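*Asks:* below is the structure, and that's it, no one-letter string:
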């Protein structure tokens, strides 16, 4: 029984380590405009740096829009390389960074003919993102390197590097 348990444990370790060894292309279609944000289990998210639009950049706030491309891949167990399969989704994300520490209230703005409520300042390390053109906002901590919001933190850092 002990030998069987050790064999099963060894098998699980080998299988799990090979799952983490997948190699995703750092640029979609070898195009440096499409930078890898996050990849896991045959899915990857790329930022289209050529689509970055600075909607507002003042001493009070920074509002940026960028397209993200979700792609699926097929994993080759022999080479550990992920091969492109299909584009699943293209969506526009907005990032909003309040810069005025005294702005602890919502503000109304009109951008592109749309009425938008911008959220308040909640801390230096916090940024908001929206997947619906600014109609709703979710905050995230830009210093986080684990958990589900790490993807947004990495994406925002890539956007800021490409402005």
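*Replies:* On my side now, so go ahead. Treat the numbers as computed from the prediction; the structure is a model and nothing was measured.
*Asks:* for residue 138, give me its contacts.
*Replies:* Applying C-beta atoms under 8 Å, 6 or more residues apart in numbering to residue 138 gives the contacts 128-130. Glycine gets a C-beta too; all of them are placed from N, C-alpha and C.
*Asks:* partner residues bridging it?
*Replies:* Residue 138 has these beta-bridge partners by DSSP bridges: residue 129.
*Asks:* thinking again about what came up before, just the buried ones from the contacts of residue 138, in PyMOL syntax?
*Replies:* Command for PyMOL that selects the buried part of the contacts of residue 138, burial taken from 16 or more other C-beta atoms under 10 Å:
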select buried, resi 128+129+130
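*Asks:* name the nearest of the contacts of residue 138 relative to residue 113.
*Replies:* residue 130 (16.4 Å; C-beta to C-beta).
*Asks:* list just the nearest of the contacts of residue 138 to residue 104.
*Replies:* Comparing the contacts of residue 138 against residue 104 with C-beta to C-beta picks out residue 128 as the nearest, at 14.1 Å.
*Asks:* wait, doesn't the closest one sit right on residue 136?
*Replies:* No. Using C-beta atoms under 8 Å, residue 128 is not in contact with residue 136, being 9.6 Å away.
*Asks:* now the helices for this protein?
*Replies:* Counting by DSSP state H, the chain has helices at residues 2-19, 150-162.
*Asks:* list the buried residues in the last one.
*Replies:* The neighbour-count check on helix 150-162 (16+ other C-beta under 10 Å) flags 151-156, 158-159, 162 as buried.
*Asks:* and those, which is closest to residue 113?
*Replies:* residue 159 (23.8 Å).
*Asks:* residues in contact with that closest one?
*Replies:* Residues near residue 159 by C-beta under 8 Å, 6+ apart: 47, 49, 52, 64, 66, 95.
*Asks:* picking that back up, could I get the buried residues of helix 150-162 as a markdown table with distance to residue 80 and pLDDT?
*Replies:* Converted to a markdown table, the buried residues of helix 150-162 look like this (distance: C-beta to C-beta, whole Å; pLDDT from 0 to 100):
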| residue | distance to residue 80 | pLDDT |
| --- | --- | --- |
| 151 | 22 | 95 |
| 152 | 27 | 96 |
| 153 | 27 | 96 |
| 154 | 22 | 96 |
| 155 | 25 | 96 |
| 156 | 29 | 97 |
| 158 | 24 | 96 |
| 159 | 29 | 97 |
| 162 | 29 | 95 |
